[in-house]
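Peer 1: Next comes the sequence, and after it the predicted model I'd like to discuss.
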2 protein chains.
Amino acid sequence: MLFFVGLGLYDERDISVKGLEIVRCADAVYAEFYTSRLMGTSIERLEQLYGREIRMLSRSEIEGEPEWLEHARDRNVALLVGGDPMISTTHLDLRLRAIEMGIDTRVIHGSNIASAVPGITGLQNYRFGRSATVPFPHIVRGKRIVSSTPYNAVKDNLRRDLHTLLYLDIQDERFMCINEAAALLIEVANGSGDEDFASNLAVGIARAGSEDMCVRAGTLLELKTYSFGPPLHVMVIPGRLHFMEAKALRMLAGAPEELLSGYEL
Amino acid sequence: MLFFVGLGLYDERDISVKGLEIVRCADAVYAEFYTSRLMGTSIERLEQLYGREIRMLSRSEIEGEPEWLEHARDRNVALLVGGDPMISTTHLDLRLRAIEMGIDTRVIHGSNIASAVPGITGLQNYRFGRSATVPFPHIVRGKRIVSSTPYNAVKDNLRRDLHTLLYLDIQDERFMCINEAAALLIEVANGSGDEDFASNLAVGIARAGSEDMCVRAGTLLELKTYSFGPPLHVMVIPGRLHFMEAKALRMLAGAPEELLSGYEL
């Protein structure tokens, strides 16, 4: 049996009791942290709390020929992943390959940034449209290319009065911060002649699930320079707000009164 | 301090280790299960695992004048809720009132149906549009009214190639099942002259997070009569499918080959 065990939002104690029991009883414990990071902990602290030796798997050991998977044919193998498992295509692909090998699989769910954001900001779950990722600019033939995909996703949701959750790019040990994401969105908007976009309401969230989480609402232009501290960062661009959502952004995210007044539904 | 502790998806062992520690150390432990049910357990089993007496709160004790909240002024009070806290407006309202009373609040996140569904079905997280709820029909002046809101949400998402997660109504001890939800959607579609809607691909999920979870893909017409067993039920109407999503629905949800062929992007 192969168990995908979600470690939850932030540190080694965000795993569920069910997940911890499975890890403690498993014949072998592996982990992969390249699709999703667990920022508030280390492999040593995981090993200490869980009382198990954990073998870290590289990308090629997950996506290539995973020899370790053979052990799951007749033993219980736990694979630890950040957040809620199977959000990433990599996990889904691995699960389907395991099933094709005749291995039973089971998913132990964990807390996750997508479902935590409504609780953190007070923005209501059912009012979010599709999410998007703000990628780092890339260079093609000496020219810097900034993706317009996240800007378009936000505009599409705004037209329908929906909020947008934006994930910020991670490349190896490089984490995009809210400042850079706000700057990139404004750059794309200005390039489309949409100069008003910079004065849109936005909410930045740093280190969700930790004791020193930082949540701040302001215009995109303000978030471009606000100091959020260390990663991980995500951002929300809200559509129009219900009364309760506006009140929550004021009380939980320090949104300025004058900015909110134009947003209420 | 008032802690909102999310109990996670299904039973008493879906709480996080962090949440369990807070419950065990709290000066008082309360629970409310009218906004979100924890189907796979009972208050007795929660008390046994957590080693604490738990006082159940009624709707009026949450939404009216919550006397128990006074205790959180100078003691640690834990409020247990199903899933991930703060998804419901009721929790948000309570949290804002606590803050206005000068009480510190903290949210301990849990696993949640919204983030679990991609893992259960293989449908990718970022391809979901806004979600909706299928409500029970209600009677106005002797006439039966079926809401067209969920149908419209699905159509809006389908036009944009996005998936729709549909929550099914709960009223007191009455849980809408997938069969009824499929029938209601087909009724609204037929009423709008959209007879093809019944042959749309749909995925039913019963008892998410439990060991006897049931996941089944088919046409809406097929789901109208498929036997999913006890609640809770949710449903997904997928938009067009990536190759990997189609493969996942075949392997994880028994989707018939001929139905999938028209859906691949």
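Peer 2: Perfect, thanks for sending it.

Peer 1: what about residue A:122, how many neighbours?
Peer 2: 28 (other CB atoms under 10 Å in any protein chain shown). All C-beta spots, glycine's among them, are computed from the backbone N, C-alpha and C.

Peer 1: and it, how far is that from chain B?
Peer 2: 5 Å (CB to the nearest CB, to the nearest Å).

Peer 1: Contacts only, for that residue.
Peer 2: A:244, A:245, A:247, A:248, A:249, A:251, A:252, A:253, B:86, B:92, B:96 (CB atoms under 8 Å, 6 or more residues apart in numbering or on different chains).

Peer 1: among those, who's most crowded?
Peer 2: The residue in those with the most neighbours, by other CB under 10 Å, is residue B:86 (30 neighbours).

Peer 1: Inside helices: which ones of the contacts of residue A:122?
Peer 2: A:244, A:245, A:247, A:248, A:249, A:251, A:252, A:253, B:92, B:96 (DSSP state H).

Peer 1: Widest-spaced pair of those residues?
Peer 2: Greatest spacing in these, by CB to CB: A:244 and A:253 (13.6 Å).

Peer 1: how about the helices of chain A, start to end?
Peer 2: Listed in chain order, the helices of chain A (DSSP H) span A:17-25, A:43-50, A:59-63, A:89-100, A:113-121, A:149-159, A:178-191, A:220-223, A:243-253, A:257-260.

Peer 1: Can you give the distance of the longest one from its chain's centre?
Peer 2: The reference is to helix A:178-191. 19 Å (CA atoms, centre = their mean, to the nearest Å).

Peer 1: May I have that helix exported as CSV, CA atoms only?
Peer 2: The C-alpha trace of helix A:178-191 is given here as CSV (Å, rounded to 0.1, in the frame of the first residue of the first chain):
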residue,chain,number,x,y,z
ILE,A,178,4.4,39.9,-2.9
ASN,A,179,6.3,43.1,-3.8
GLU,A,180,7.6,41.6,-7.1
ALA,A,181,4.2,40.0,-8.0
ALA,A,182,2.4,43.3,-7.5
ALA,A,183,5.0,45.0,-9.7
LEU,A,184,4.7,42.4,-12.4
LEU,A,185,0.8,42.7,-12.4
ILE,A,186,1.0,46.5,-12.6
GLU,A,187,3.6,46.3,-15.4
VAL,A,188,1.3,44.0,-17.5
ALA,A,189,-1.8,46.2,-16.7
ASN,A,190,0.1,49.4,-17.7
GLY,A,191,1.2,47.7,-20.9
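
Peer 1: Next, the contact list for residue A:3, please.
Peer 2: Listed by CB under 8 Å, 6+ apart, the contact set of residue A:3 reads A:22, A:26, A:76, A:77, A:78, A:79, A:105, A:106, A:107, A:108.

Peer 1: swap in residue A:118?
Peer 2: Residue A:118 neighbours (CB under 8 Å, 6+ apart): A:124, A:125, A:128, B:86, B:87.

Peer 1: ok, now with 7 Å
Peer 2: A:124, A:125, B:86, B:87 (CB atoms under 7 Å, 6 or more residues apart in numbering or on different chains).

Peer 1: Residue A:241 too?
Peer 2: A:260, A:263, A:264, A:265.

Peer 1: how about 6 Å then?
Peer 2: A:263, A:264 (CB atoms under 6 Å, 6 or more residues apart in numbering or on different chains).

Peer 1: Distance of it relative to chain B?
Peer 2: Counting by CB to the nearest CB, the gap from residue A:241 to chain B is 12 Å.

Peer 1: Please apply the same query to residue A:39.
Peer 2: As judged by CB to the nearest CB, residue A:39 and chain B stand 14 Å apart.

Peer 1: Report how many residues lie close to that residue.
Peer 2: Counted with other CB under 10 Å, residues neighbouring residue A:39 total 17.

Peer 1: tell me the pLDDT at it?
Peer 2: Residue A:39 carries a pLDDT score of 81 in this model.

Peer 1: Give me the nearest residue to residue A:186, chain neighbours excluded.
Peer 2: residue A:198 (4.7 Å; CB to CB, 6 or more residues apart in numbering or on different chains).

Peer 1: Spatially central residue for chain A, please.
Peer 2: For chain A, the residue nearest the mean C-alpha position is residue A:113 (5.0 Å; CA atoms, centre = their mean).

Peer 1: Endpoints of stretch A:12-30, how far apart?
Peer 2: 15 Å (CA to CA, to the nearest Å).

Peer 1: mind listing what's buried in that stretch?
Peer 2: For stretch A:12-30, burial by neighbour count (16 or more other CB atoms under 10 Å in any protein chain shown) applies to A:12-20, A:22-23, A:26, A:28-30.

Peer 1: Over to stretch A:102-117?
Peer 2: Applying 16+ other CB under 10 Å to stretch A:102-117 flags A:103, A:105, A:107-117 as buried.

Peer 1: one step back: right, and the helices of chain A - which one's nearest residue B:209?
Peer 2: Using CB to CB, these put helix A:17-25 closest to residue B:209, at 9.0 Å.

Peer 1: Which residue is the nearest non-sequential neighbour of whichever residue of the stretch 101-250 of chain A sits closest to chain B?
Peer 2: Residue of the stretch 101-250 of chain A nearest chain B, by CB to the nearest CB: residue A:119 (3.1 Å). Once flanking residues are discounted, residue A:119 sits nearest to residue B:86: 3.1 Å by CB to CB, 6+ apart.

Peer 1: Name all residues that make contact with the closest residue to residue A:187 other than its chain neighbours.
Peer 2: Nearest-residue entry for residue A:187: residue A:146, 5.8 Å, with adjacent residues in sequence omitted and distances by CB to CB, 6+ apart. Applying CB under 6 Å, 6+ apart to residue A:146 gives the contacts A:137, A:184, A:187, A:188.

Peer 1: Can you name the residues of the stretch 51-200 of chain A sitting close to chain B?
Peer 2: Counting by CB under 6 Å from any CB of the partner chain, the residues of the stretch 51-200 of chain A lying close to chain B are A:84-87, A:92, A:96, A:99, A:107, A:109-112, A:114-116, A:118-119, A:122, A:125-126, A:129-131, A:162.

Peer 1: distance of the residue nearest to residue A:53 when sequence neighbours are not counted from chain B?
Peer 2: Closest residue to residue A:53 in three dimensions, ignoring its sequence neighbours and counting by CB to CB, 6+ apart: residue A:47, at 6.2 Å. Counting by CB to the nearest CB, the gap from residue A:47 to chain B is 15 Å.

Peer 1: Got the confidence number for residue A:47?
Peer 2: 96.

Peer 1: Same question for residue A:172.
Peer 2: For residue A:172, the predicted pLDDT is 81.

Peer 1: Could you tell me how many residues sit around it?
Peer 2: 6.

Peer 1: do the same with residue A:119
Peer 2: Neighbourhood size, residue A:119 [other CB under 10 Å]: 27.
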